[in-house]
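In: Show me how the following folds:
(4 chains)
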Protein chains: 4
Amino acid sequence: MNEVRIGLIGAGRIGKLHGDNLTRFVTGARVEALAEIRLQDEQRAWAEKNGIKKIHGDPVEIWKDPDIDAVFICSSTDTHADFIIQAARAGKHIFCEKPIHTDVQKIKEALEEVKKAGVKLQVGFVRRFDHNHRKVHDTVASGKLGSPHVIKITSRDPEGPPLSYIAVSGGIFMDMTIHDFDMARYLSCSEVTEVSAYGTVLIDQEYKKYEDADTVAVMLKFENGALGIIDNSRASHYGYDQRTEVHCAKGCVQAANDLNDTSMISTMDGVICEKPTWFFLERYNNAFIAEAQDFVNSVLQDSTTPVNGEDGLMAVYIAQAANRSLKENRPVKLSEVM
Amino acid sequence: MNEVRIGLIGAGRIGKLHGDNLTRFVTGARVEALAEIRLQDEQRAWAEKNGIKKIHGDPVEIWKDPDIDAVFICSSTDTHADFIIQAARAGKHIFCEKPIHTDVQKIKEALEEVKKAGVKLQVGFVRRFDHNHRKVHDTVASGKLGSPHVIKITSRDPEGPPLSYIAVSGGIFMDMTIHDFDMARYLSCSEVTEVSAYGTVLIDQEYKKYEDADTVAVMLKFENGALGIIDNSRASHYGYDQRTEVHCAKGCVQAANDLNDTSMISTMDGVICEKPTWFFLERYNNAFIAEAQDFVNSVLQDSTTPVNGEDGLMAVYIAQAANRSLKENRPVKLSEVM
Amino acid sequence: MNEVRIGLIGAGRIGKLHGDNLTRFVTGARVEALAEIRLQDEQRAWAEKNGIKKIHGDPVEIWKDPDIDAVFICSSTDTHADFIIQAARAGKHIFCEKPIHTDVQKIKEALEEVKKAGVKLQVGFVRRFDHNHRKVHDTVASGKLGSPHVIKITSRDPEGPPLSYIAVSGGIFMDMTIHDFDMARYLSCSEVTEVSAYGTVLIDQEYKKYEDADTVAVMLKFENGALGIIDNSRASHYGYDQRTEVHCAKGCVQAANDLNDTSMISTMDGVICEKPTWFFLERYNNAFIAEAQDFVNSVLQDSTTPVNGEDGLMAVYIAQAANRSLKENRPVKLSEVM
Amino acid sequence: MNEVRIGLIGAGRIGKLHGDNLTRFVTGARVEALAEIRLQDEQRAWAEKNGIKKIHGDPVEIWKDPDIDAVFICSSTDTHADFIIQAARAGKHIFCEKPIHTDVQKIKEALEEVKKAGVKLQVGFVRRFDHNHRKVHDTVASGKLGSPHVIKITSRDPEGPPLSYIAVSGGIFMDMTIHDFDMARYLSCSEVTEVSAYGTVLIDQEYKKYEDADTVAVMLKFENGALGIIDNSRASHYGYDQRTEVHCAKGCVQAANDLNDTSMISTMDGVICEKPTWFFLERYNNAFIAEAQDFVNSVLQDSTTPVNGEDGLMAVYIAQAANRSLKENRPVKLSEVM
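Out: Sure thing, here's the model as predicted:
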């Protein structure tokens, strides 16, 4: 195989992002078909502009298509597990957006089918492919700083999502912190064993209606003895604050934000520098390309995907432990939810 | 009064530091006498060099001396409360190093005597006088960023103290984190209501003998709804890592480390910058001067001291809650220990 | 017109770069044809992969093609002026790589033909499209810092080109500093009136054979009274050092380098940060896209190109003045070479 | 000798600064006497507060005093050379503020007397003792970056001096840039051989009356083949901009400004950092102490002073070459003025 022919499931914001990247920036990939249940004219136009020839209303057309090697599942979260199962049964390799599902049982079923079918599965934890976080991970993993002691993750969105989204998001831990839970595993090179979560509503009192928090702090314990700290906010206002930091036995590695530009303006009133990039599209643009390229390479070279189904499952376990910790105001061991 | 005549109690490292500062850098102050129970030749020489004319073995000589207006209590922690009581009864104004005592009852007795005597008391939470942390506090207190949401404090020593010190330190929360507990109150402009503490031994297994931790993470809840995060380590190896950060409704204010110099060396092997200043003497040198100056000013102008006995007591309460939280692995409300 | 059909002249490094960008990232553009005099299999394969259907050995095929609206001249420098003349006579809009030519008379002839033909011409001073330098320019141009006083430009390549290139480069001022001469005009919002140039050979003694320098410093005077300073090196070794700085009546605006990542590794041996991006492909990647997009927009909207033929000519005048200044070791007024 | 007894000549701003430092921060020094021709009450009070017992109106009292080992000449520039001669004849070691004199012949006479008398002489080029610039010098001098190629110095005052000062300052090159000329020699580890100076009046048109410039740019050639660039301004408005940078064969070393604090405030309106320290008292405070300590150590240990009379003379030669270059608008070789 020298080209992976891809069926794209879903043409929402993230689906189009992957479609654009696969068409323009990913070597060895071609988007062969799109399946979008609620297909709109604008989506059809987008697909045609990108040279996607087959446009379907039902993903079943993709499972059936022998000219498709792999799928990108970018539909709504509740459909992920079912589509994984169907794609696996059809023998398609699978890239699936995070989270696989909010229900652990469904995830396990999906992973079981993937295993049975012998297809590849990659979960969209895109931050692992960011140049900054990757440098932090690589430095820790190299062992040159000794064993990790404290992992610190700051992750703050610029603005909260619409309340309609909060209603179906699964809560801040499952929707937003899940990226940080994966990052915690990635940066510590270890597994989380316990979670203590604090959460509160400080930005928008409407969150209370959904029993959700908009500002959270989480402490973690890891198998290798390290401790972890995460803080999240739904609204920083100054941009996408994405910093990571690992303190190890011999020293520390940190990654600061990417900025819009490197300018510095000095006057008698002060010195003004640029803000962080605005949100995930700006910050993780190259990371989205890199994760798609890695998936495509895994298929082409028949090698292991860099983020697999277990990684998807583990992050959900941690999110569930955090939910329970917040609700019961006590530390919760991962073993309680696994 | 246009000069505060000071009796220095204790000529250990911190006593000499205050003595030097009062002699050289503090306007309106004169060190009149030194009392040091285990007076050594080297200490006597130091005192003479600084023009301290009266040198005693017993602080009682200082309480009796009508030419002394105020005392700096820099003796061992276990003597602080008693010396406060004796100084207050003698009508001397009091600067006392932190912590006042590890036993709340003793602190309360001491504060009661201070109140009765109507003397001034300032506790040595020196970090409040650091140019960086003060800027963070002032920005929050100004209200221009809106109400505080998350307070983050990183405080990492370059090297652990000798184990002999660990044996008598009162534990990491009472000895080291106590500065951060005070900083948390200072930066949040609020009171801590609950503490969740994680702690572990990763640097030196000998700490286990003393049932102490060398690496800790702490989450806090505040009366004003904010959340707090502290991380400490006894040994960073790269210097004194002292950073603070407050996220508020409209934005964030952060303070980075002071560095030894601003140099940057770029070669094909990488770009090398300078390390943070080594330890508290380097970092908080000017803050020690500023706190002494403020105390002296309070006496001269008969105004309120910037850090009072209540501040000393509150930090001890939080440390006790942290101790209990670590021991029982659960969040502990301040009301449980007050 | 809703799509500009482009004929690409030259498929060397810079030609392929523009071809890739026009195909993938520039909206409203399509590469219709390639003309490459010394066409190689690798270039043909590249063109086919990018969907360029017409592949010629002679640019004349492009002048003749009625389906081509505009050309990108990316052939060797000595051909630029002639190709501009031919393209203009054929009524094609023109994007031309810098410099237009090293001979002022040839440039004038070319600009005359462009004028006569009424076609658009844009010269490839790509740095004007860099996010950092543009921010510096925009800040100066906004007038909020008052009039410019001193313009400072640092431009250092990571590694020298092969000596074979030096032989035909036209010298460091015409080949490399020419970008900074354009930047000086761009950032000062004014015209250069005098040049004082110092140059020497410190990196590779072979440069002396070509009577060229590898390390230069240049001072400029501007019409608006400002002074300018440029320093160049052919080999920094640590990456592409591209910094600009303008001091104005009320303050200063500076732009630092873009770095590979934002990591900082702290150990007892020091603090290591990342190097600047390696060279122009890494640093000005997005700027190349932006300049092509602006050119395409100018054609589509029949508006002025952001960098025109006069800009191309002025930079060559300044380079000639610098050459004379270096040779005669004296300040040279622009009027002497114009 | 275990204490250097010092006679202070002049109690203006810089004299009091040295007096305070010698009294408080310099080990092994005591200010024995002050001579101030126009002695005022405020100066007498200052001297008494610092424990200076002998207060004279005429320096001759200091030359005659057998209890004085060394003098600090902090009187007006035109008196420096004469006082050096008198002090040397009296056998006193000499610290003299910069410049020694604006007339080379006078300097030579003074140095001759110093040589004859065998006393020590140190000139007050205080920036050599700054932690940042020293790190740059030490890195270059270590040879680890290879030979120096380009030396860049930015030196911008926050605000211009009163015009009355301009009238007697000797011009910007002799008064202000002279520090940078010394820095150029210090950082290059070489000697200047040629100067090209540009200068203009952009800040205050009154400078024209004094035939002085307020904004200058200077290029230098060095004996070791390196090139140098200096830019100066009398009024940056944002603080004291003092940066140095040396590009060498294998890499670069730079020093950024010291800032008032390390704070960073991020909001939707931008990111605000602190300004550089305001002026030389703030920036070079510790450097003033270090240079005085080094002088005192040289006397106590009978060792070489770190900045000597030749250094003082060379900087004046370079300033004279710059003056001639500016006047005649041509490069001027040092040999023309020596």
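
In: who's in contact with residue A:17?
Out: Listed by C-beta atoms under 8 Å, 6 or more residues apart in numbering or on different chains, the contact set of residue A:17 reads A:281, A:288. No exception for glycine: its C-beta is placed from N, CA and C like everyone else's.

In: Helix or strand next in line after the lowest-mean-pLDDT helix or strand in chain A, which one?
Out: In chain A, the helix or strand scored least confidently by mean pLDDT, DSSP states H and E is helix A:163-168, which has a mean of 88. Moving toward the C-terminus from helix A:163-168, the next helix or strand (DSSP states H and E) is helix A:172.

In: and the closest residue to chain D within the stretch 51-200 of chain A, helix, strand or coil?
Out: Proximity of the stretch 51-200 of chain A to chain D (C-beta to the nearest C-beta) peaks at residue A:158, 8.5 Å away. Under DSSP: H, G, I helix; E, B strand; the rest coil, the three-state class of residue A:158 is coil.

In: wouldn't it be in contact with residue A:242 here?
Out: No - Residue A:158 lies out of contact with residue A:242 (C-beta atoms under 8 Å); the separation is 10.7 Å.

In: Would you mind telling me which of these two has the busier surroundings?
Out: Using other C-beta atoms under 10 Å in any protein chain shown as the criterion, residue A:158 and residue A:242 rank with residue A:242 on top: 28 against 21.

In: List, one by one, the residues from the stretch 201-338 of chain A near chain B.
Out: Contacts of the stretch 201-338 of chain A with chain B, taken as C-beta under 8 Å from any C-beta of the partner chain, map to A:202-203, A:215-217, A:219, A:221, A:225-229, A:231, A:233, A:236-238, A:241, A:247, A:249-252, A:329-331.

In: how does it look with 6 Å?
Out: A:202, A:215, A:217, A:219, A:225, A:227, A:229, A:231, A:237-238, A:250-251, A:329-331 (C-beta under 6 Å from any C-beta of the partner chain).

In: Pick the one among these closest to chain C.
Out: residue A:251 (3.3 Å).

In: For the closest one, give its distance to residue B:259.
Out: 16 Å (C-beta to C-beta, to the nearest Å).

In: So between the two, which is more surrounded?
Out: Each of residue A:251 and residue B:259 has its neighbours counted (other C-beta under 10 Å); residue A:251 has more, 22 against 19.

In: That one touches residue C:269, doesn't it?
Out: No - contact criterion C-beta atoms under 6 Å: residue A:251 and residue C:269 do not qualify, at 8.3 Å.

In: rewinding a little: contacts for the least confident helix or strand of chain A next, please.
Out: Identification of contacts with helix A:163-168 by C-beta atoms under 6 Å, 6 or more residues apart in numbering or on different chains yields A:206, A:210, A:212.

In: Now residue A:325: which helix or strand?
Out: Using DSSP H and E, residue A:325 sits in helix A:309-328.

In: what about dumping the CA coordinates of that helix to CSV?
Out: Provided in CSV are the C-alpha atoms of helix A:309-328 (Å, rounded to 0.1, in the frame of the first residue of the first chain):
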residue,chain,number,x,y,z
GLY,A,309,-7.5,2.4,22.6
GLU,A,310,-6.1,1.7,26.0
ASP,A,311,-4.9,5.3,26.2
GLY,A,312,-8.5,6.3,25.3
LEU,A,313,-9.9,4.1,28.0
MET,A,314,-7.5,5.2,30.7
ALA,A,315,-8.3,8.8,30.3
VAL,A,316,-12.0,8.1,30.7
TYR,A,317,-11.3,6.1,34.0
ILE,A,318,-9.4,9.1,35.4
ALA,A,319,-12.2,11.4,34.4
GLN,A,320,-14.7,9.2,36.2
ALA,A,321,-12.6,9.1,39.3
ALA,A,322,-12.4,12.9,39.2
ASN,A,323,-16.2,13.1,38.9
ARG,A,324,-16.6,10.9,41.9
SER,A,325,-13.9,12.8,43.9
LEU,A,326,-15.6,16.1,43.2
LYS,A,327,-19.0,14.7,44.1
GLU,A,328,-17.9,13.0,47.3
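
In: Now tell me what touches it from outside.
Out: A:99-100, A:107, A:111, A:114, A:121, A:123, A:173-174, A:178, A:181-182, A:192, A:195-197, A:199, A:218, A:332, A:334, A:337-338.

In: try 7 Å
Out: For helix A:309-328, contacts defined as C-beta atoms under 7 Å, 6 or more residues apart in numbering or on different chains pick out A:98-100, A:102, A:104, A:107, A:111, A:114, A:121, A:123, A:125, A:171, A:173-174, A:177-178, A:181-182, A:185, A:192, A:195-197, A:199, A:218, A:331-332, A:334, A:336-338.

In: Tell me the buried residues in it?
Out: A:309, A:311-326 (16 or more other C-beta atoms under 10 Å in any protein chain shown).

In: do the same with stretch A:224-231
Out: A:225-231.

In: Can you check my assumption that residue A:265 lies in a strand?
Out: Yes - assessed by three-state DSSP, residue A:265 belongs to a strand.

In: surely it meets residue A:274?
Out: No - the criterion here is C-beta atoms under 7 Å, and residue A:265 misses it with residue A:274 at 9.5 Å.

In: who's in contact with the residue positioned nearest the centre of chain A?
Out: Centroid check for chain A by C-alpha atoms, centre = their mean gives residue A:125 as the closest residue, at 3.1 Å. Residues near residue A:125 by C-beta under 7 Å, 6+ apart: A:98, A:179, A:182, A:307, A:311.

In: same question, residue A:193
Out: A:221-223, A:333-334.

In: Got a PyMOL select line for the buried ones in those residues?
Out: A single PyMOL command is used to select the members of the contacts of residue A:193 judged buried by 16+ other C-beta under 10 Å:
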select buried, chain A and resi 221+222+333+334
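
In: got the residues of the stretch 151-300 of chain A near chain C?
Out: A:250-258, A:261-267 (C-beta under 7 Å from any C-beta of the partner chain).

In: ok, back up a step: hmm, which of the contacts of helix A:309-328 are the buried ones?
Out: A:98-100, A:102, A:107, A:111, A:114, A:121, A:123, A:125, A:171, A:173-174, A:177-178, A:181-182, A:185, A:192, A:195-197, A:199, A:218, A:331-332, A:334, A:337.

In: taking those one by one, which sit in strands?
Out: Within the buried ones among the contacts of helix A:309-328, residues falling in strands by DSSP state E are A:121, A:123, A:192, A:195-197, A:199, A:218, A:332.

In: Which parts of the stretch 151-300 of chain A are helices?
Out: Secondary structure of the stretch 151-300 of chain A (DSSP state H, counting those that start in this stretch): helices located at A:163-168, A:172, A:178-188, A:280-283, A:285-301.

In: any idea which residue of chain A is furthest from its center?
Out: Distance-from-mean max, chain A, by C-alpha atoms, centre = their mean: residue A:268 at 43.2 Å.

In: and the gap between that residue and residue D:284?
Out: When residue A:268 is compared with residue D:284 (using C-beta to C-beta), they lie 21 Å apart.

In: and if you look at residue A:107?
Out: Applying C-beta to C-beta to residue A:107 and residue D:284 gives a distance of 64 Å.

In: correct me, but residue A:331 touches residue B:329?
Out: Yes - using C-beta under 7 Å, residue A:331 is in contact with residue B:329, at 5.6 Å.

In: The least confident helix or strand of chain A: how far from the chain's middle?
Out: Computed by C-alpha atoms, centre = their mean, to the nearest Å, the chain-centroid distance of helix A:163-168 equals 19 Å.

In: And stretch A:259-266, by the same measure?
Out: With C-alpha atoms, centre = their mean, you get 29 Å for stretch A:259-266.

In: do the same with stretch A:40-56
Out: The answer for stretch A:40-56 is 25 Å, by C-alpha atoms, centre = their mean.

In: end-to-end on that stretch?
Out: Stretch A:40-56 has an end-to-end distance of 11 Å (C-alpha to C-alpha, to the nearest Å).

In: Now do it: everything it contacts.
Out: A:11, A:16, A:19-20, A:23, A:31-36, A:62.

In: Average pLDDT for that stretch, rounded please.
Out: For stretch A:40-56, the mean per-residue pLDDT is 94.

In: Show me which positions of that stretch end up buried.
Out: Residues of stretch A:40-56 classed as buried under the neighbour-count rule (16+ other C-beta under 10 Å) are A:43, A:46-47, A:50, A:52, A:54-56.
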